[in-house]
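S.K.: sequence first, predicted coordinates after that:
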2 protein chains.
Amino acid sequence: MRLVIVGGVAAGTKAASRARRVDPEMEITVYQEEPEPSISECGLPYLLSGVVGKREELVARTPERFAEQEIEVLVRHRVERIDPRKKVLSVRDLATGEAFEDSYDRLIVATGARAVLPPIPGADLDGVFKLRFLTDSDGVRRYMEERSPKRAVVVGGGYIGLEVAENLCRIGMEVSLVEGEDRVALAYGAEVSERVENHLRENGVRAYIGTKVEEFVGEGRIRGVRFGDADLETDLVIVGVGISPCVDLAEEAGAEIGPTGAIRVDTRMKTSLPDVWAAGDCVETTNLVSGRPVWVPLGDTANQMGRVAGTNAASPAEHHALEFPGVLGTGIFKVFGLGVGKTGLSEREAEVAGFEAVSAEVEVYDRAAYYPGAEKVFLKLIADKASGRLLGAESAGSGADKLTDICATALWGKLSYTDLVDIDLAYSPPYGPVLSPVIQAATILSGKFERANQSVKASE
Amino acid sequence: MRLVIVGGVAAGTKAASRARRVDPEMEITVYQEEPEPSISECGLPYLLSGVVGKREELVARTPERFAEQEIEVLVRHRVERIDPRKKVLSVRDLATGEAFEDSYDRLIVATGARAVLPPIPGADLDGVFKLRFLTDSDGVRRYMEERSPKRAVVVGGGYIGLEVAENLCRIGMEVSLVEGEDRVALAYGAEVSERVENHLRENGVRAYIGTKVEEFVGEGRIRGVRFGDADLETDLVIVGVGISPCVDLAEEAGAEIGPTGAIRVDTRMKTSLPDVWAAGDCVETTNLVSGRPVWVPLGDTANQMGRVAGTNAASPAEHHALEFPGVLGTGIFKVFGLGVGKTGLSEREAEVAGFEAVSAEVEVYDRAAYYPGAEKVFLKLIADKASGRLLGAESAGSGADKLTDICATALWGKLSYTDLVDIDLAYSPPYGPVLSPVIQAATILSGKFERANQSVKASE
């Protein structure tokens, strides 16, 4: 039995390791286009500032380490075609340029996602970068060493853009951030966006919000960015406006693509092609709150999907039983000292999904007010007016990671706001206020629901 | 309508505030034996070291503040008798010594718990303290100022004893901790106890474990502690061996006492007496994992119970509808740099409750290994072998508060270990490893369950 995996970052390598565990005899080959496998892509922004000191730290496992597990990892190899009837692959060795064929009994597609470069004139100038692969950060770092840029423009106010802005500030650069929409961190509500924007400015980032970049200006090398009325001089641009799933290979082989534009898989991570699974940033899954297909390209999810795909692809046919149920849309990022997390649906997303949402917010200390070091944290809970079911939560500030994870677990358990009023969380003065912000916000929600019910009764 | 509340710490004052919200017209009087109401008792250990600088910081609200809400708080007043047929109370003003009668339409008993002083000879010596009320910490601090003790013995290795040991170390005292059982932090499994003991020793506390104090030695004032072979010289003793519920008043009035020795209430916090509710450290509740009555005297739970009792006692009879479902047994403490939390049942408690438990442990970094400042955290998950349902979790180390709360929420939602394998928690390098320790431990549990099922199948 031969298992081939296309793509060797999070989902692909996890799938390989799991498959090896399930079947110690299977032949396993991973093809990886980039020169290293098993990259921690989430760490790339921190490599720019030296918060992460060496690029090697972001290579979780080398091909040699995989070889110890009898997993063959071939880097700088691009799979160019899949023939699902013959179960044959066309592969190109990027080092030599040579093409060859390989065959599989089972195949896992883990082709990931690529950074989107918007069609802005001058995007090909020297000094304009995206940041998706370790090779991208190599490029930025080389450019920094050679050109010693003093000023940077970050395009995009999503989490990548925000993390990059922080890390460029850390090394003393003068950083501007340009966001085309009317606020940063669009996956969140406006209260969180405002906190992030204030925090950026407090930390010295010039934020240009609601302004679309019209042109990257320069002759050969970047010299400035033009937008609206402004013409901003800069020595470096990093574009983080989004990524898109790499589906060409699977699509050309006939695999079904879902409504999000990513590869459609069932809960067993099976594509529509026989003996072909897919996992990671190239597939879509289900948002368990809205019940709708979503594309959520994140490292932790890719890992979990890879586990399921690898297990199932290595199991006897009658045992393809492990399932990946879907996601909540949980995420978190840090920008300077501010942690910002969310789970489930924002109010806007809830509306789009057909819910009428009720929300409550608190901004309270992260520990007993008398315990030293107390800092504020913001939490918003969003619930379904009809059923009371929790739909989502957003948090910003100290301990946002904890509050996000509590709410994610509550969503996972399909809890309602009433469940969160009495929930038994851990209290001690160094770790929280006597009633968790989750309990406080749920109690406020509870009051809103009561009043809504009373006014319904009164009008009956 | 007149509501009287006996006891003005967490449950009593919360009940008063809630009752005022529900019924703006009600007469509300709170009797409180100690000189201040609304004390944050959990902060007392930190007052000893000056981590909390002023005693006033631990008084959440003064009687004057309550008066603004038209809640009468009478401090230094002891309720000595309840006549539930006549709805009359006998009250003593401790300042003047005078007794008087009061009456109520509705009554909430929130008499709390008292510290247990074990029957050890010499427990009445000057310099031997317990630490339950603000007045106790006043006594310790006065003694410290007058006598400048250099050496301290803390009796008891529960969370109070551990917190006190830390805080006495902080001010440069030579601290010994004596625990009669064979390990500290008995509510936890042995792995956690060992970590706490090591951490105590690393921070300079001499820990005498499995050693019962036989005598406090001294003439008038404490001079030493005798146990086993040792005779330890000391200038100060703080005893933290436990607390017991204050039930005499309610019991003498005829209220039913539960099997734990605390006042029995229903889920509406109603006692067996007409128009009498009870809440806080004086009542028992249900452990929602074991389904059994438990007595869990904690500040956050007292607050939540007070909310329910206050709402119900102030509502028209047909609306006594708010319920307090019970607890999980969630708790957390900090000792020096180590956070230690648990929720649900320990393995021992699971066994006592009739479960066959399966457990899995991880000790991993609290963030991406490459992100600066990564520290280890221990997590143990305990599940029911028969159903897979999560029964409990214990954590020690950095982020133990987050992991404990994730698991508490999972228990609250009655999740099983399988639910935690795929759960969508928040990942970013500064906030966790790519797969949360909860997911990692659940995955190990999953493997144990699989192997157990395979061996069952093989033997069939």
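M.R.: Thanks, I have the structure now. Numbers count the residues shown, from 1 in each chain, chains lettered A, B, ... in the order given.
S.K.: name the SS class of residue A:393, please.
M.R.: Under DSSP: H, G, I helix; E, B strand; the rest coil, residue A:393 falls in the strand class.
S.K.: what's the spatially closest residue to it that is not a sequence neighbour in contact with, if anything?
M.R.: For residue A:393, ignoring the flanking residues on the chain, the nearest one in space by Cβ to Cβ, 6 or more residues apart in numbering or on different chains is residue A:407 at 3.5 Å. No exception for glycine: its C-beta is placed from N, CA and C like everyone else's. Contacts for residue A:407 (Cβ atoms under 8 Å, 6 or more residues apart in numbering or on different chains) come out as A:343, A:344, A:381, A:390, A:392, A:393, A:395, A:438.
S.K.: now residue A:383
M.R.: With Cβ under 8 Å, 6+ apart, residue A:383 has these contacts: A:357, A:358, A:359, A:389, A:390, A:391, A:416, A:417, A:445, A:449.
S.K.: do residue A:139 as well
M.R.: With Cβ under 8 Å, 6+ apart, residue A:139 has these contacts: residue A:129.
S.K.: repeat that for residue A:346.
M.R.: Residue A:346 touches A:187, A:188, A:189, A:382, A:392, A:394, counting by Cβ under 8 Å, 6+ apart.
S.K.: now, of those, which are buried?
M.R.: A:187, A:188, A:189, A:382, A:392, A:394 (16 or more other Cβ atoms under 10 Å in any protein chain shown).
S.K.: quick check: residue A:76 touching residue A:33?
M.R.: Yes. Contact criterion Cβ atoms under 8 Å: residue A:76 and residue A:33 qualify, at 6.9 Å.
S.K.: closest one of the buried ones among the contacts of residue A:346 to chain B?
M.R.: Nearest to chain B among the buried ones among the contacts of residue A:346 is residue A:394, at 11.3 Å by Cβ to the nearest Cβ.
S.K.: in the sheet, who's paired with that closest one?
M.R.: residue A:342, residue A:380 (DSSP bridges).
S.K.: about what we covered before: between residue A:76 and residue A:33, which contacts overlap?
M.R.: Common neighbours of residue A:76 and residue A:33 (Cβ under 8 Å, 6+ apart) are residue A:94.
S.K.: show me where the stretch 201-350 of chain A has strands.
M.R.: A:206-209, A:213-219, A:221-227, A:230-233, A:236-239, A:243-245, A:276-278, A:285-286, A:293-294, A:331-335, A:338-344 (DSSP state E, counting those that start in this stretch).
S.K.: the ones you listed: lowest mean pLDDT?
M.R.: Ranked by mean pLDDT, those end with strand A:230-233 in last place, scoring a mean of 90.
S.K.: need the pLDDT of residue A:321.
M.R.: 81.
S.K.: then residue A:459?
M.R.: 64.
S.K.: do the same with residue A:318
M.R.: 67.
S.K.: next: the one 10 residues further on.
M.R.: On pLDDT, residue A:328 comes in at 98.
S.K.: helix/strand/coil for the residue nearest to it when sequence neighbours are not counted?
M.R.: Closest residue in space to residue A:328, ignoring its immediate chain neighbours: residue B:424 at 4.2 Å, by Cβ to Cβ, 6+ apart. Using three-state DSSP, the structure places residue B:424 in coil.
S.K.: next: the one 4 residues further on.
M.R.: Following three-state DSSP, residue B:428 is assigned to coil.
S.K.: repeat that for residue A:188.
M.R.: coil.
S.K.: you'd agree it is up against residue A:394?
M.R.: Yes. With contact defined as Cβ under 8 Å, residue A:188 reaches residue A:394; the gap is 5.2 Å.
S.K.: can you list the low-confidence ranges for chain A?
M.R.: A:318-320, A:456-460 (pLDDT under 70).
S.K.: which residue is nearest the centroid of it?
M.R.: By Cα atoms, centre = their mean, chain A has its centre lying nearest to residue A:298, at 3.3 Å.
S.K.: hey, where'd the helices end up in the stretch 151-300 of chain A?
M.R.: A:159-170, A:190-202, A:248-252, A:299-313 (DSSP state H, counting those that start in this stretch).
S.K.: same list, the contacts of residue A:383, but as TSV with distance to residue B:373 and secondary structure please.
M.R.: Formatted as TSV, these follow (distance: Cβ to Cβ, whole Å; DSSP: H, G, I helix; E, B strand; the rest coil):
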residue	distance to residue B:373	secondary structure
A:357	37	strand
A:358	39	strand
A:359	34	strand
A:389	37	strand
A:390	32	strand
A:391	34	strand
A:416	37	strand
A:417	35	helix
A:445	35	helix
A:449	41	helix
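S.K.: ok, and the most crowded of these?
M.R.: residue A:390 (28 neighbours; other Cβ atoms under 10 Å in any protein chain shown).
S.K.: bridging residues for that one?
M.R.: Bridge pairing for residue A:390 - DSSP bridges - gives residue A:383.
S.K.: that one touches residue A:416, doesn't it?
M.R.: Yes. Assessed by Cβ under 8 Å, residue A:390 is found in contact with residue A:416 at 6.2 Å.
S.K.: for the nearest residue to residue A:272 once chain neighbours are set aside, give me its contacts.
M.R.: In space, and not counting its chain neighbours, residue A:272 is closest to residue A:256: 3.9 Å by Cβ to Cβ, 6+ apart. Residues in contact with residue A:256, defined by Cβ under 8 Å, 6+ apart, are A:263, A:264, A:271, A:272.
S.K.: go on, residue A:313?
M.R.: Per Cβ under 8 Å, 6+ apart, neighbours of residue A:313: A:3, A:15, A:19, A:106, A:107, A:108, A:277.
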